[in-house]
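K.L.:
next input, structure requested:
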Amino acid sequence: MSRKRLRVIEVRPRPGHPAQGQLMAGGMVLRCALGRDGITAFKQEGDGGTPLAQMRLLYGYKRPEKKVTGGSGLALRTLRRNDGWCEVSNDRNYNRQVRIPYGASHETMWREDDLYDVCIVMDWNIRPRRRSKGSAIFFHLARPDYSPTQGCIALSSADMDRLLPHLSDQTVIRVRR
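P.N.:
Residues are numbered from 1 along each chain as shown. Below you'll find the model as predicted:
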């Protein structure tokens, strides 16, 4: 695949495995993990579903000591140990980055399992933010067995490295059934 920026990435469920998907990007078909309850048209906070939607890639985070081999056309911020993401729908910072410790329930971005070594924020429920419609819907790294996410889309580290140079803030991910 050339260094051409991708405009559209398609994600569909893997036949017989609703919590896994096939990600199609620039001629590649890659295995991905999806939410534990598969793809949903009616996303709610905590339901474990991946939204049936078109989501633009906004920016990402990268752990500073981890290698991203291919660079990226997408802005990658340095992930810090105190980065979190608020998941309480009645909190003023719902579905936003917060610094931890934080008073309300939050996702810890600096993880020991490496899933957020590269973590891209998609524009799900960002503007406008709607209470209880889902938070922290990211494009991040998958576990080796592609076990389900909480609603995110996740790739292997090797596949993410292949894809990163082709991503930009103009790239959209279309999740279909």
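K.L.:
low-confidence ranges in this structure?
P.N.:
Counting by pLDDT under 70, the chain shows low-confidence ranges at 1-2, 68-70.
K.L.:
any idea where the helices of it begin and end?
P.N.:
Secondary structure of the chain (DSSP state H): helices located at 157-163.
K.L.:
name the residue most distant from the centre of it?
P.N.:
Here the centre of the chain is the reference, and by Cα atoms, centre = their mean the most remote residue is G103, at 24.0 Å.
K.L.:
in contact with L76, which residues?
P.N.:
Remark: with contacts taken as Cβ atoms under 8 Å, 6 or more residues apart in numbering, L76 is in contact with 59-62, 68, 118. For the C-beta atoms, the positions are set from N, CA and C on the backbone; glycine is no exception.
K.L.:
which of these lies closest to S156?
P.N.:
Among these, V118 lies closest to S156 (Cβ to Cβ), at 11.1 Å.
K.L.:
so how far is S168 from the closest one?
P.N.:
Relative to S168, V118 is positioned 15 Å away (Cβ to Cβ, to the nearest Å).
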